[in-house]
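Enquirer: sequence first, then the predicted structure:
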Amino acid sequence: MTSVLPALLIPEFAQAVNQSKALKVFVANINQEASSVGRMSVSETLDWMFQMTAVYPDVVLWPQEHQAPEGLRCDTLVAPLSDGSKGFITSKPSG
């Protein structure tokens, strides 16, 4: 969050991101960071970011080797961590 959130806290930047037709991809941490954000689930983190910035990603990139996050309001692209991947599997959000 320290690399993404500061820029999105600038209202004009967040508005530009939301108005852009570009795909907004969130690359989630696969290892828990030692912080209060690190103790939050991916869906809690994205909801918190949305509450502060009104920005929510279109898709979360997630490694196949870990259990997929639940409660997301966007698509999830799942792929193996290895270089031998042959593409992505798309999972639509539930609900």
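Expert: Structure's in. What do you need?
Enquirer: Three-state assignment for L46, please.
Expert: The three-state assignment at L46 reads helix, by DSSP: H, G, I helix; E, B strand; the rest coil.
Enquirer: residues in contact with it?
Expert: 26, 56-57, 60, 72-74 (Cβ atoms under 8 Å, 6 or more residues apart in numbering). Every residue, glycine included, has its C-beta placed from N, CA and C.
Enquirer: which of the residues you listed tops the neighbour count?
Expert: For those, the largest number of neighbours (other Cβ atoms under 10 Å) sits with L72, at 25 neighbours.
Enquirer: identify the farthest-apart pair in the contacts of L46.
Expert: Within those, two members stand farthest from each other by Cβ to Cβ: F26 and R73, at 11.5 Å.
Enquirer: mind listing which of the contacts of L46 are in strands?
Expert: 26, 60 (DSSP state E).
Enquirer: okay, the contacts of L46 in CSV with pLDDT and distance to E33 next?
Expert: Formatted as CSV, those follow (pLDDT from 0 to 100; distance: Cβ to Cβ, whole Å):
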residue, pLDDT, distance to E33
F26, 92, 15
Y56, 97, 21
P57, 97, 18
V60, 94, 16
L72, 95, 19
R73, 95, 22
C74, 96, 21
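Enquirer: and the gap between L61 and M49?
Expert: With distances defined as Cβ to Cβ, to the nearest Å, the gap from L61 to M49 amounts to 16 Å.
Enquirer: my bad, A22
Expert: Applying Cβ to Cβ, one obtains 17 Å for the distance of A22 from M49.
Enquirer: higher neighbour count, the two?
Expert: Using other Cβ under 10 Å as the criterion, A22 and M49 rank with M49 on top: 21 against 8.
Enquirer: rounded mean pLDDT for the helix or strand hosting that one, please.
Expert: Assigning secondary structure by DSSP states H and E places M49 in helix 42-53. Taken as a whole, helix 42-53 has an average pLDDT of 93.
Enquirer: show me what contacts the residue nearest to the spatial centre of the chain?
Expert: Geometric centre of the chain, nearest residue: F26, 3.1 Å, by Cα atoms, centre = their mean. In this structure, F26 makes contact with 4, 46, 57, 59-61, 74, judged by Cβ under 8 Å, 6+ apart.
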